[in-house]
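Enquirer: quick check, what structure comes out for this input:
(chains A and B)
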Amino acid sequence: MHLPYAIPTEVMTMEMFLMALCVSIFGLAVVAIAFGAATRPEKSVSTAQPELRPAKPATAGRFFADPSPALPSPPRSYVPTEVLLAKIEHHVRLEQAAAQSFLESPSHAQLHTKTTSQLVN
Amino acid sequence: MLYEQSEILKDLTPEETQQVLALGSRVTVSGGASLFRLGDTAERLFLIERGRITLTLPMRIRGKEEDVIVEERSSGQAVGWSALLPPYKFTLAATAPLETEVIALPRESLRKYFAANPVTGYKITLNLAVVVGHRLQLFQAMWLREMQRTVETHC
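Expert: Sure thing, here's the model as predicted:
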């Protein structure tokens, strides 16, 4: 039997090529889906992640600023002015005596002897 | 007081001592009274004959000006040598804590006497240099001690 028309050889070759291309693309798509399904991480039951909280509340960054609160300075004990003046006078007398000792026998040790003055101790 | 032992009249002959003392006048300062104040014109050098003179400088303490002792001078010692040094202004205040007698030697009288008696003038000037030098060395050492403490405390 003869076909009413004859299909040219080039057309048949093109059809076969396109068919092979479609099959290849389909196969590639199946492989890609399968690979994606295999490598996808399992979903956890709870999707809500626990919120991480910093140990200290966040503070705005500042230059040369101490984030810790300043400690209140202890109250200075009140010394009457007369007592303070007496201490100063005593200090001056001690310092003069020390300086006099240095002048009598000048040495580094004599110059820097420790004082018992309450004003500086 | 033996005037020959006075720091200013040291090494003077008795005659020279009498001549110098004759230039001055005895002044009695009652206890608590001021002999001179900071910034006053210094016209007289004082030789303490009896009692005590406290030299003070003003210091601001709790917003109030207080006189703080700098040095204490007693019998035989001199105060007020600013009277012999330009610009003839007292740089300290002097107060007598108790009744004190001083011999006040006017600058002009001393200057004329020194011009007429240079040898005596030289001796007194030398004695004065010892007093001034001692004060300088004493305060130099005191200042350095304070500086040392400042460095130890703050550096």
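Enquirer: okay, now the domains of chain A?
Expert: Domain assignment of chain A by automatic domain parsing yields the ranges A:7-40, A:81-111.
Enquirer: please work out which of those domains is packed deepest.
Expert: domain A:81-111 (a mean of 15; mean count of other C-beta atoms under 10 Å in any protein chain shown). All C-beta spots, glycine's among them, are computed from the backbone N, C-alpha and C.
Enquirer: tell me, how many residues neighbour the residue of chain B found nearest chain A?
Expert: Proximity to chain A, evaluated over chain B using C-beta to the nearest C-beta, is greatest for residue B:141 at 3.7 Å. Applying other C-beta atoms under 10 Å in any protein chain shown, we find 21 other residues in the vicinity of residue B:141.
Enquirer: and it, what is it in contact with?
Expert: When contacts are counted by C-beta atoms under 8 Å, 6 or more residues apart in numbering or on different chains, residue B:141 touches A:98, A:99, A:102, A:103, A:111.
Enquirer: which of these sits closest to residue B:69?
Expert: Nearest to residue B:69, judged by C-beta to C-beta, of the contacts of residue B:141 is residue A:99 at 14.5 Å.
Enquirer: that closest one reaches residue B:146, doesn't it?
Expert: No - using C-beta atoms under 8 Å as the test, residue A:99 is too far from residue B:146 to be in contact (10.4 Å).
Enquirer: so which bits of chain B are right by chain A?
Expert: By the rule C-beta under 8 Å from any C-beta of the partner chain, the part of chain B lying against chain A is B:59, B:61-62, B:64, B:66, B:68-71, B:134, B:137-139, B:141-142, B:144-146, B:148-149.
Enquirer: extract the CA atoms of stretch A:94-105 and return them as PDB.
Expert: As requested, the backbone C-alpha atoms of stretch A:94-105 are provided in PDB (Å, rounded to 0.1, in the frame of the first residue of the first chain):
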ATOM      1  CA  LEU A  94      55.400  68.000 109.600                       C
ATOM      2  CA  GLU A  95      56.400  68.900 106.000                       C
ATOM      3  CA  GLN A  96      58.700  71.700 107.200                       C
ATOM      4  CA  ALA A  97      60.300  69.300 109.600                       C
ATOM      5  CA  ALA A  98      60.700  66.700 106.900                       C
ATOM      6  CA  ALA A  99      62.200  69.400 104.500                       C
ATOM      7  CA  GLN A 100      64.500  70.600 107.300                       C
ATOM      8  CA  SER A 101      65.800  67.000 107.800                       C
ATOM      9  CA  PHE A 102      66.400  66.800 104.000                       C
ATOM     10  CA  LEU A 103      68.400  70.100 104.100                       C
ATOM     11  CA  GLU A 104      70.500  68.900 106.900                       C
ATOM     12  CA  SER A 105      71.500  65.600 105.100                       C
END
